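A.B. asks: Fold the following.
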Amino acid sequence: MNKIREYIKLSTDELVNKVSWPTWESLQESTIIVMVASLLIALVIYVIDIISSGSLGFFYQIFQA
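C.D. replies: Numbering: from 1, shown residues only. So this is what the prediction gives:
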């Protein structure tokens, strides 16, 4: 039981005194960057999907007849 108490005490000490927490402004800025990057990646994947779907549809249409 003493090991568990010591672990909790050391963990609390580390979280309170040794961890550098980001500011609210920094968190907002990082969130916006992640959202924009996610949207751009999703857009790129969508464009690639549309192009490959059209290409395969054309390819299948040629050899179906």
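A.B. asks: got any ranges where this structure has weak pLDDT?
C.D. replies: Low-confidence segments of the chain (pLDDT under 70): 65.
A.B. asks: Show me where it has its helices.
C.D. replies: Here the chain has its helices, by DSSP state H, at 2-13, 24-64.
A.B. asks: Turn the ones you listed into CSV, including mean neighbour count.
C.D. replies: C-beta here means a position set from N, CA and C on the backbone, and glycine is covered the same way. Formatted as CSV, these follow (neighbours: other C-beta atoms under 10 Å):
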stretch, mean neighbour count
helix 2-13, 9
helix 24-64, 10
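A.B. asks: quick one: G57 from I45, how far?
C.D. replies: From G57 across to I45, the span is 18 Å (C-beta to C-beta, to the nearest Å).
A.B. asks: and what of K18?
C.D. replies: Counting by C-beta to C-beta, the gap from K18 to I45 is 40 Å.
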